[in-house]
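Engineer: output the structure for:
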Amino acid sequence: MNKKYTTKIPYSITTETLTKINFLFELSKDTRSPLTVHQLLDLILLRISQETKISEITNGDVLQALSMALAVRMKMVSADTAIVEKIVLESVLKALNAAKKAESITISPGNA
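Structural biologist: I've put the predicted structure just below:
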């Protein structure tokens, strides 16, 4: 059986202000498990949402912490620093491009 490689992964999230955002992220050709990538993203965003509900964390602080976490994780990889940096920069640029193209839909609160 020939396994088809997934090159993109859809991701949707609804904000606290009832805006649904639909992304289509381009994956690296070296991605081993799109499902794991999706699950990790869910876990990271869930934890951030939990923390912002109990304390006054600014978006700037969240973005700064995520950037620092990426740098820490990059340094933890046992490989040539230049290669790892190239992979990280390519991944971040792909994610930013997906954010620019993401569709935002305002959900009107109705009778559920």
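Engineer: so how far is residue 46 from residue 53?
Structural biologist: Separation of residue 53 from residue 46 (Cβ to Cβ, to the nearest Å): 11 Å. From N, CA and C alone the C-beta is placed, and that goes for glycine too.
Engineer: same question for residue 28.
Structural biologist: 23 Å.
Engineer: what does residue 59 give?
Structural biologist: From residue 59 over to residue 46 (counting by Cβ to Cβ), the distance is 17 Å.
Engineer: same question, residue 33
Structural biologist: 19 Å.
Engineer: which helices and strands does the helix or strand hosting residue 96 pack with?
Structural biologist: Using DSSP states H and E, residue 96 sits within helix 81-101. Counting contacts by 3 or more Cβ pairs under 8 Å, 6 or more residues apart in numbering; DSSP states H and E, helix 81-101 is packed against strand 19-26, helix 59-76.
Engineer: who touches the helix or strand just after that helix?
Structural biologist: Later in the chain than helix 81-101, the nearest helix or strand by DSSP H and E is strand 103-106. Strand 103-106 is contacted by residues 18, 19, 20, 21, 22 when judged by Cβ atoms under 8 Å, 6 or more residues apart in numbering.
Engineer: and for stretch 49-56?
Structural biologist: With Cβ under 8 Å, 6+ apart, stretch 49-56 has contacts from 57, 62.
Engineer: using CSV, write down the CA coordinates of that stretch.
Structural biologist: Listed next in CSV are the C-alpha coordinates belonging to stretch 49-56 (Å, rounded to 0.1, in the frame of the first residue of the first chain):
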residue,chain,number,x,y,z
SER,A,49,-5.4,29.9,27.1
GLN,A,50,-5.5,28.4,30.6
GLU,A,51,-2.8,30.7,31.9
THR,A,52,-4.3,33.8,30.3
LYS,A,53,-7.6,33.1,32.0
ILE,A,54,-6.1,33.1,35.5
SER,A,55,-3.6,35.9,35.2
GLU,A,56,-3.2,39.1,33.2
